[in-house]
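In: Just the structure for this:
(one chain, ligands or ions: 1)
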Amino acid sequence: MALGVTSLEPIPTAAIQTRWRHIVTPIPAPESVSLIERLRQAEPRSMATMPPILWHEAEGFLVRDPFGNQWIDFTSGIVLANAGHAHPRIVQAIREATEQRLLATYAFPSESRLALLEKLVALSPIPDSKAILYSSGTEATECALMLMRRHGQRIRADKVSILSLAGNYHGRTLSAQLASGTPQPTDWIDRELVHHFQIPAPNCFECPWGRSHYEQCGADCFRAGLDKLASRGIDLDRIAGIILEPVPGWTTLPIPRDFAAAASSWAKQHDCLLALDEIQCGCGRTGRFFGGEHLGVTPDLIVLGKGLSSSLPVSAVIGRNELMDLPLPGEMSSTHGGNPVCAAAALANLRVLEDEGLVDASARTGTIVLERLQSLEREFPEHVRAVQGIGLFLSIHLHRRGTAKPAVELADAVAQEAVRRGVLMFTTGRGYLKVTPPLCIEPDAALEAADVIRDCLADTTKTV
Ligand SMILES: Cc1ncc(COP(=O)(O)O)c(C=O)c1O
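Out: As a prediction, the model looks like this:
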């Protein structure tokens, strides 16, 4: 299963004019093709997988190209514009920060870094915490993994292993890839040789232990994963930390609370730490500020990114004081981490999420969109295996007729067709569609887009 390079052949489309969707050209717009071709010559093909529309302007939950087309955005970029694209208060904060003529400070003290850090510490569910800022999510993941290992090494020199869940994603730098349970370019590295271990994710949808449904079996699931490692002679006492997505980007459902509780208590009993990767599910996406709030456990570390700024590159690690202070002065920093303009954007974003009640909006709008989309399970039982999720973190899983196998081609074709009809979606290459609009989306617009997905599914299943 992989993403394909999208075709640049313009496909005629029916003109669409609704309050939110305007489609006035074939897609891709013929005028955009030569530019996208030049882009493909200038950058690797790994970048050529998204539907070929030229982003020119993005505002709130709408994305526009320069040719008169406008989409309802069901992507939020890639699950990043939680407060909406180009929110005026975020734009204003960026403007003020640049007008102050302070564009970079590295680790020198700055007011905007302080303001953002104090805000993060105030939001933190971890008592007595500190936070550190980075640019990309993967850097923050890498930092959390390093901190867990530093902590482990204080207990025992070889307590440096990381436990993660198959199917979770944590980023593209080396340790983050090794902790990820999705196929990666680093698959040539023997994970276990470099102290990364995985157990099956508690994905009841495809139960790794062959059960037909969830029966309060999360603790057994966690235990069974560990037992399997132990039965291969792996020393579990060497595990320094567990990292997991509390609401994985693939299933978009919180992992079972009993699995999380088992992981948390096992970690405590074994002097091991628990890090929650909230890069995708955090910052209100799931109807709570932290996705981990659905689990009922307090982690030792939290990793944030994407929706932390809804705009410029900002990520963060939050953790208990004594953990965050394990590295010596100078050992944990990054040139662009806490950049004053980015920090100002992130602080404005957090205030917008709060002042506009966008976390609650995510829960409310998510519930009605989920209900609408779940009708697809009844209408297309041969193609739709499940529609699930929480808040505005929803996914539609398609399967090949009469099998449990993901319908990769169909899902990607539906996403491409939705784009031609004015709903911006991304292809996943894994047989599912993801519905992750900005949290500010108007419920009527979200329902209109959900109905477009329905029509695309109805039409696409006739041909794919
Ligand atoms: C759960 C999760 N962790 C980590 C990352 C990596 O973040 P970034 O792409 O900003 O490095 C992502 C990005 O998609 C993610 O979804």
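In: Would you mind listing what in the protein touches the ligand?
Out: Within the chain, the residues that sit near the ligand (C-beta under 6 Å from any ligand atom) are 136-138, 141, 169-171, 245, 249, 277, 279-280, 305. Bear in mind the C-beta positions are built from the backbone N, C-alpha and C, glycine included.
In: Make TSV out of those and add pLDDT and secondary structure.
Out: Putting the residues of the chain next to the ligand into TSV (pLDDT from 0 to 100; DSSP: H, G, I helix; E, B strand; the rest coil) gives the following:
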residue	pLDDT	secondary structure
Ser136	98	coil
Gly137	98	helix
Thr138	98	helix
Thr141	98	helix
Tyr169	95	coil
His170	97	coil
Gly171	95	coil
Glu245	98	coil
Gly249	96	coil
Asp277	98	strand
Ile279	98	coil
Gln280	98	coil
Gly305	98	coil
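In: Now do Ser129 against Gly305, distance only.
Out: When distance is defined by C-beta to C-beta, to the nearest Å, Ser129 is 17 Å away from Gly305.
In: Who has more neighbours out of those two?
Out: Between Ser129 and Gly305, counted using other C-beta atoms under 10 Å, Gly305 has the larger neighbour count: 28 against 21.
In: Which of the residues of the chain next to the ligand are buried? Put it as a ChimeraX command.
Out: Only the buried members of these enter the following ChimeraX selection, criterion being 16 or more other C-beta atoms under 10 Å:
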select :136,137,138,141,169,170,171,245,249,277,279,280,305
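In: Quickly name whichever of the residues of the chain next to the ligand is closest to the ligand.
Out: Using C-beta to the nearest ligand atom, Gly137 comes nearest to the ligand of these, at 2.3 Å.
In: any low-confidence regions in the chain?
Out: Scanning the chain for pLDDT under 70 picks out 1-2, 183-186.
In: ok, back up a step: can you tell me which of the residues of the chain next to the ligand is closest to His383?
Out: Closest approach to His383 among the residues of the chain next to the ligand (C-beta to C-beta): Gly249, at 22.0 Å.
In: Check whether the closest one really touches Gly167, as I assumed.
Out: No - assessed by C-beta atoms under 8 Å, Gly249 is found out of contact with Gly167, at 9.5 Å.
In: List the contacts of the residue nearest to the spatial centre of the chain.
Out: In the chain, the centroid-proximal residue (C-alpha atoms, centre = their mean) is Gln280; its distance is 2.5 Å. Neighbour list for Gln280: Val79, Tyr169, Glu245, Val247, Gly249, Gly305, Lys306, Phe393 [criterion: C-beta atoms under 8 Å, 6 or more residues apart in numbering].
In: Same question for Ile27.
Out: Taking C-beta under 8 Å, 6+ apart, we find Ile27 in contact with Pro10, Ile11, Thr13, Pro51, Pro52, Ile53, Asn69, Val419, Arg420.
In: State the helix or strand in which Ala133 lies.
Out: Rather than Ala, residue 133 is Leu. Leu133 belongs to strand 129-134 when assigned by DSSP states H and E.
In: Using PDB, list the CA coordinates for that strand.
Out: In PDB, the C-alpha atoms belonging to strand 129-134 read as follows (Å, rounded to 0.1, in the frame of the first residue of the first chain):
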ATOM      1  CA  SER A 129       6.000  20.900  34.300                       C
ATOM      2  CA  LYS A 130       8.400  22.700  32.000                       C
ATOM      3  CA  ALA A 131       8.300  22.900  28.200                       C
ATOM      4  CA  ILE A 132      10.700  23.300  25.400                       C
ATOM      5  CA  LEU A 133      10.000  24.500  21.800                       C
ATOM      6  CA  TYR A 134      11.100  23.100  18.500                       C
END
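In: what's the closest of the contacts of Gln280 to Phe290?
Out: Val247 (9.6 Å).
In: tell me the helices in this protein, going along the chain?
Out: In the chain, the segments counted as helices under DSSP state H are 30-42, 76-79, 88-99, 111-123, 137-155, 174-179, 218-231, 257-269, 321-324, 340-355, 358-379, 408-420, 443-463.
In: Could you save those helices as TSV and add columns showing distance to Pro437?
Out: Output for the helices of the chain, formatted as TSV (distance: least, C-beta to C-beta, whole Å):
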stretch	distance to Pro437
helix 30-42	23
helix 76-79	6
helix 88-99	17
helix 111-123	23
helix 137-155	20
helix 174-179	26
helix 218-231	30
helix 257-269	27
helix 321-324	34
helix 340-355	15
helix 358-379	8
helix 408-420	12
helix 443-463	6
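In: among those, which is nearest Leu301?
Out: Comparison of the helices of the chain against Leu301 by C-beta to C-beta identifies helix 137-155 as nearest, at 4.8 Å.
In: between that closest one and strand 129-134, how many degrees?
Out: Relative orientation of helix 137-155 versus strand 129-134 (axes from the mean of the first three to the mean of the last three C-alpha atoms, to 10 degrees): 130 degrees.
In: by how many degrees do helix 137-155 and helix 257-269 diverge?
Out: Using the same axes, to 10 degrees, helix 137-155 lies at 40 degrees relative to helix 257-269.
In: Just the buried residues of helix 137-155, please?
Out: 137-152.
In: Now do the domain split for the chain, please.
Out: What automatic domain parsing lists as the domains of the chain is 16-83+358-463, 88-355.
In: Between the two ends of the longest one, how far is it?
Out: Using C-alpha to C-alpha, to the nearest Å, the end-to-end distance of domain 88-355 comes out at 13 Å.
In: distance between that domain and the chain's centre?
Out: Here the centre of domain 88-355 is set off from its chain's centre by 11 Å, with C-alpha atoms, centre = their mean, to the nearest Å.
In: Right, I'll leave it there.
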